[in-house]
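K.L.:
No sequence on hand, only this structure:
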């Protein structure tokens, strides 16, 4: 596992990874379709997983977080599959957010560090299962350069301290290549040093791309689709 992560590692990572993804409040776009809460702040969609050292740090600083209690078979599976060094946790909800006490998972979501076949951290790609729910994934142009820089620095620090964290993200990148090849779709990547890239399916290499090539998903494909989805969600809630 390499060096054992310590709370101090995460204190530094949190301190230097404070930039918001965007100047826009992206939660305002998805919340109307998710019972009024941002998708990334509800464990019905995304369960924050932390290294035990990060959990130790957070518990020493705040009472915002508690251990996550599974509520169905799928969430039980998430907890059962966790590495021994990891814990699933839950916060008090978006209304009570303490930005300085967010987990690394919260700060990074919906992105993960994309690692090439050659083993290099190229930039940011995303958790593709959220394409139909997360507004940012249909609007990658809103992601700020400062956020990208701080994201890359945070993960480089993490990988330097823990080889296993690197291996997990390398494997996740390989899984994404298989999934997107099956779909015959290029993988969108926000480059670590600026610009956008697409990783072509079937090992076709990587090319520069325009952000407009990546398209939109789910209810975010058009204003009409979005407002129809909001109306449907409102009707279901009443």
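P.N.:
Noted; the coordinates are in hand. Since this is a predicted model, take the numbers as computed values, not measurements.
K.L.:
Secondary structure class of the closest residue to residue 195 other than its chain neighbours, three-state.
P.N.:
Spatial nearest neighbour of residue 195, excluding adjacent residues (C-beta to C-beta, 6 or more residues apart in numbering): residue 208 at 6.3 Å. All C-beta spots, glycine's among them, are computed from the backbone N, C-alpha and C. Of the three states, residue 208 takes strand according to DSSP: H, G, I helix; E, B strand; the rest coil.
K.L.:
What is the neighbour count of residue 208?
P.N.:
The criterion is other C-beta atoms under 10 Å. On that basis, residue 208 has 9 neighbouring residues.
K.L.:
Isn't it up against residue 199?
P.N.:
No - in this structure, residue 208 is not within contact of residue 199 by C-beta atoms under 8 Å, at 11.5 Å.
K.L.:
number of nearby residues for residue 131?
P.N.:
The number of residues packed near residue 131 is 16, by other C-beta under 10 Å.
K.L.:
Quick check: closest non-adjacent residue to it.
P.N.:
residue 217 (4.1 Å).
K.L.:
Could I get the buried residue list for the longest helix seen in the chain?
P.N.:
Determined from DSSP state H, the single longest helix within the chain is helix 163-182. For helix 163-182, burial by neighbour count (16 or more other C-beta atoms under 10 Å) applies to 165-166, 168-170, 173, 176-177, 180-181.
K.L.:
Which of these sits closest to residue 80?
P.N.:
Residue 80 lies nearest to residue 168 out of the buried residues of helix 163-182, by C-beta to C-beta, at 17.0 Å.
K.L.:
Can you read off the pLDDT for the closest one?
P.N.:
Per-residue pLDDT puts residue 168 at 94.
K.L.:
Likewise for residue 2?
P.N.:
pLDDT at residue 2 comes out at 47.
K.L.:
Please apply the same query to residue 194.
P.N.:
The model's pLDDT for residue 194 equals 85.
K.L.:
was I right about it contacting residue 145?
P.N.:
Yes - using C-beta under 8 Å, residue 194 is in contact with residue 145, at 6.7 Å.
K.L.:
what about residue 56, which helix or strand?
P.N.:
Using DSSP states H and E, residue 56 sits within helix 52-61.
K.L.:
Just checking the distance from whichever helix or strand comes after that helix to the centre of its chain.
P.N.:
Next helix or strand after helix 52-61 toward the C-terminus (DSSP H and E): strand 65-67. Remark: strand 65-67 is offset 19 Å from the chain centroid, using C-alpha atoms, centre = their mean, to the nearest Å.
K.L.:
low pLDDT regions in the protein?
P.N.:
1-3 (pLDDT under 70).
K.L.:
Tell me which stretches of it form strands.
P.N.:
Secondary structure of the chain by DSSP state E: the strands cover 49-51, 65-67, 86-91, 111-115, 121-126, 187-191, 196-199, 206-209.
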